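K.L.:
Below are the sequence and a predicted model; questions follow.
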There are 2 protein chains.
Amino acid sequence: MAAYERIAGDLRRSIRDGQLKPGTQLPAETQLAEQYGRSVPTIREALRLLRDEGLIEKQHGKGNFVRKARTPVLRTNDRHQWEKDRVREPLEQRAETGATEHDTGLTVNDLVFHAAYSEAKAGEELAGLFGIPEGAALVERTYRTRYAAERAPFALVTSYLIRDLVAENPALLDADNEPWPGGTQSQLASVGIELDRIEERLFARPPTPEEAEELDLPAGTSVIQLRKTSYDTDNRPVEISFVVLPGDRTELLFTTPLERW
Amino acid sequence: MAAYERIAGDLRRSIRDGQLKPGTQLPAETQLAEQYGRSVPTIREALRLLRDEGLIEKQHGKGNFVRKARTPVLRTNDRHQWEKDRVREPLEQRAETGATEHDTGLTVNDLVFHAAYSEAKAGEELAGLFGIPEGAALVERTYRTRYAAERAPFALVTSYLIRDLVAENPALLDADNEPWPGGTQSQLASVGIELDRIEERLFARPPTPEEAEELDLPAGTSVIQLRKTSYDTDNRPVEISFVVLPGDRTELLFTTPLERW
DNA sequence: AGCCTCAACTCCTAAAGAGGACTTGAGGAC
DNA sequence: GTCCTCAAGTCCTCTTTAGGAGTTGAGGCT
């Protein structure tokens, strides 16, 4: 086994069994090099392994530190309730006071939204998912949701609607109407669409550099990529959202009721 | 910006826009070094970035290759149906023929199970989750599920039951009874437990080296860590499972029915 | 007190070089 | 034809050396 792997294993053990507590600074690379009788690049190789596993954090000019766990944001599939508490009611209160700050971002409770609308034509993937011809007109909404106290958003969302289905309510084509009062379900009801169920598909992967930048993800973290499809009562996809969530501070909670036997 | 970052960006672009197709071999490191006018270590640094992003794959002695996407296994929360089709019915057929191969692994359809049972005492975390005193007796079941055609399992599961709740059906304490005929829900019904719902909490992170080994995960992949809790109709946790899924070949699908408005 | 400078510490980028280990295919021995 | 050997290609590990860049605190200046 390579020297850097043995050293990494040694440090990993110390971190796991609590000898090196979260937040602790590791000895300097030159120190470790001397201690293990190896060159600095070899030590750095070992530290890189630990960083990629999410065990340590490198801070240029300061040192290497045992990473602290972050307390994740909980996202539930019983989201109606969640959105209602966190977003809609405060929003409706806000509406009464007449405050508006779209465009540059809208602060509701302790959440900040940034939304942008544009028109898009269905590509191959979206056409297939919606079951519509390629090139059909879609409304594309991209938004970021962020806690006011934090600098990075906790969700990157791009959402698509079939334009012709929602065109009769112009408010749905207007970014100033974001976030939607009453939520997706009630907004879509305004154009006669009744939702039946939501399907969420997800998997995990390392972030792209762009995502790492935007979500402020350190090395050694993952993202959850999620595709959410809302179906109407005729079993047709009405809204499709692509969501990227930071793995180090998101916990998803799904509750599935069981049929009794 | 550092030279290795520019080079990585350059290659990343080529991969994304399809100039370098999945499966293609990249030029040798010495070639790239000459091509970019940089030393080999600098090139290797760039390639490491791409590997950590999951874009390329290194093969010792052969070369660097653009990684191919894997087609993921779909796991749904409507799992009754899934398990029924894939596991239970074939299992019941098998039971009739009298074949048994527990212990060393049990092949049903094209799935292979490995299960091990042991007794455990509730530690702090599990006691809290179950709402029982620390030190209470639990049944611990660990199992691996694998497709017969593949060498690595697609799930690492450790599952806990409160021993006193299931003790009256000795079959539930016996690894030879694995996987459970009729599934969890019907097995628990045999000791008078009626399940009400399942809660699944999940997040994503890089794999530990042990997980990478066992799941045969290359660098540049993530795992999904999932905690599944089954509640009975008295709202008490009955079974708690800790699941680790390989991010590069698992897709989770959750369906949430909406209440009509 | 407040501010500035600077030295000392940290990690980061880059190079060149030596040897090792894995993979493959060509060529020869049988 | 089959098998073996071997060379050439690949990436991997480790060292030494050099300079750059971010962070912090001590000390002096104002």
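P.N.:
Looks like it came in fine.
K.L.:
Please count neighbours and contacts with C-alpha atoms only from this point.
P.N.:
Will do.
K.L.:
what about the nearest residue to A:Ser222 once chain neighbours are set aside, neighbour count?
P.N.:
Using CA to CA, 6 or more residues apart in numbering or on different chains and skipping residues adjacent in sequence, the residue nearest A:Ser222 is A:Pro206, 4.5 Å away. Residues lying near A:Pro206 (other CA atoms under 10 Å in any protein chain shown) number 30.
K.L.:
what's A:Pro206 in contact with, if anything?
P.N.:
By CA atoms under 8 Å, 6 or more residues apart in numbering or on different chains, A:Pro206 lies in contact with A:Thr221, A:Ser222, A:Val223, B:Asp52, B:Glu53, B:Gly54, B:Pro206, B:Gly220, B:Thr221, B:Ser222.
K.L.:
For the last one, grab the count of nearby residues.
P.N.:
Summarising burial for B:Ser222: neighbours were counted as other CA under 10 Å, giving 32.
K.L.:
From DNA strand C, how far off is it?
P.N.:
From B:Ser222 across to DNA strand C, the span is 22 Å (CA to the nearest atom of the strand, to the nearest Å).
K.L.:
Go ahead and measure how far the strand or helix carrying A:Leu245 is from the middle of the chain.
P.N.:
Assessed by DSSP states H and E, A:Leu245 sits inside strand A:237-246. Offset of strand A:237-246 from its chain centre (CA atoms, centre = their mean, to the nearest Å): 10 Å.
K.L.:
mean confidence score for whichever helix or strand comes after that strand?
P.N.:
Later in the chain than strand A:237-246, the nearest helix or strand by DSSP H and E is strand A:250-257. On average, the pLDDT along strand A:250-257 is 92.
K.L.:
Quick one: residues contacting A:Arg70.
P.N.:
Going by CA under 8 Å, 6+ apart, A:Arg70 touches A:Asp248, A:Arg249.
K.L.:
Would you mind measuring from it to DNA strand C?
P.N.:
Between A:Arg70 and DNA strand C the distance, using CA to the nearest atom of the strand, works out to 21 Å.
K.L.:
Please report how far the residue lying farthest from the centre of chain A lies from A:Glu5.
P.N.:
Distance to the chain centre peaks in chain A at A:Gly37, reaching 42.8 Å (criterion: CA atoms, centre = their mean). Per CA to CA, to the nearest Å, A:Gly37 is found 14 Å from A:Glu5.
K.L.:
Next: A:Glu150.
P.N.:
Distance check for A:Glu150 against A:Glu5: by CA to CA, it reads 36 Å.
K.L.:
Looking at those two, which has the bigger crowd around it?
P.N.:
For A:Glu150 and A:Glu5, the more surrounded residue by other CA under 10 Å is A:Glu5, and the numbers stand at 17 against 11.
K.L.:
surely A:Thr154 meets A:Tyr143?
P.N.:
Quick fix: residue A:154 is Phe, not Thr. No - in this structure, A:Phe154 is not within contact of A:Tyr143 by CA atoms under 8 Å, at 10.8 Å.
K.L.:
Would you map out the domains in chain A?
P.N.:
Listed domain ranges for chain A are A:3-66, A:73-253 (source: automatic domain parsing).
K.L.:
now check the first one, is it near DNA strand C?
P.N.:
Looking back up the chat, that one is domain A:3-66. Yes - among the residues of domain A:3-66, A:26-31, A:41, A:44, A:58-64 lie within reach of DNA strand C under CA under 7 Å from any atom of the strand.
K.L.:
restrict the residues you listed to contacts with DNA strand D.
P.N.:
Applying CA under 7 Å from any atom of the strand to those, one finds that A:Pro41, A:Gln59, A:His60, A:Gly61, A:Lys62 fall near DNA strand D.
K.L.:
which residues does the last one contact?
P.N.:
For A:Lys62, no residue counts as a contact, taking CA under 8 Å, 6+ apart as the criterion.
K.L.:
Check it and give its pLDDT.
P.N.:
pLDDT for A:Lys62: 97.
K.L.:
Distance of it relative to A:Ala33?
P.N.:
Distance, A:Lys62 to A:Ala33, using CA to CA: 17 Å.
K.L.:
With adjacent residues omitted, what lies nearest to A:Asn235?
P.N.:
Of all residues beyond its chain neighbours, the one nearest A:Asn235 is A:Asp196 (7.5 Å), with distances taken as CA to CA, 6+ apart.
K.L.:
A:Leu32 now?
P.N.:
Spatially, and ignoring its direct neighbours in sequence, A:Leu32 is nearest to A:Ile43 (6.8 Å; CA to CA, 6+ apart).
K.L.:
For that neighbour, which three-state class applies?
P.N.:
Here A:Ile43 takes the helix state, with states given by DSSP: H, G, I helix; E, B strand; the rest coil.
K.L.:
re the thing from before, just curious, which of the contacts of A:Pro206 is nearest to A:Glu200?
P.N.:
A:Glu200 lies nearest to A:Val223 out of these, by CA to CA, at 15.4 Å.
K.L.:
Am I right that that closest one is in contact with A:Val243?
P.N.:
No - taking CA under 8 Å as the definition, A:Val223 is not a contact partner of A:Val243, at 9.9 Å.
K.L.:
What is the burial count for A:Tyr231?
P.N.:
Neighbours of A:Tyr231 under the rule other CA under 10 Å: 22.
K.L.:
thought it was touching A:Val238?
P.N.:
Yes - using CA under 8 Å, A:Tyr231 is in contact with A:Val238, at 5.6 Å.
K.L.:
Show me where the stretch 1-150 of chain A has its strands.
P.N.:
A:56-59, A:63-66, A:73-76, A:106-108, A:111-121, A:137-147 (DSSP state E, counting those that start in this stretch).
K.L.:
lowest-confidence stretch among those strands?
P.N.:
Lowest mean pLDDT within the strands of the stretch 1-150 of chain A: strand A:106-108, a mean of 57.
K.L.:
and whatever residue of the stretch 151-261 of chain A ends up closest to DNA strand D, helix, strand or coil?
P.N.:
Closest approach between the stretch 151-261 of chain A and DNA strand D, counting by CA to the nearest atom of the strand: A:Pro218, at 14.5 Å. Under three-state DSSP, A:Pro218 falls in the coil class.
K.L.:
Can you give me the separation between the residue nearest to A:Ser222 and A:Ala8?
P.N.:
21 Å.
K.L.:
OK, now which residue of the stretch 1-150 of chain A is nearest to chain B?
P.N.:
As assessed by CA to the nearest CA, chain B sits closest to A:Glu53 within the stretch 1-150 of chain A, at 5.7 Å.
K.L.:
Tell me the pLDDT of that residue.
P.N.:
For A:Glu53, the pLDDT comes out at 98.
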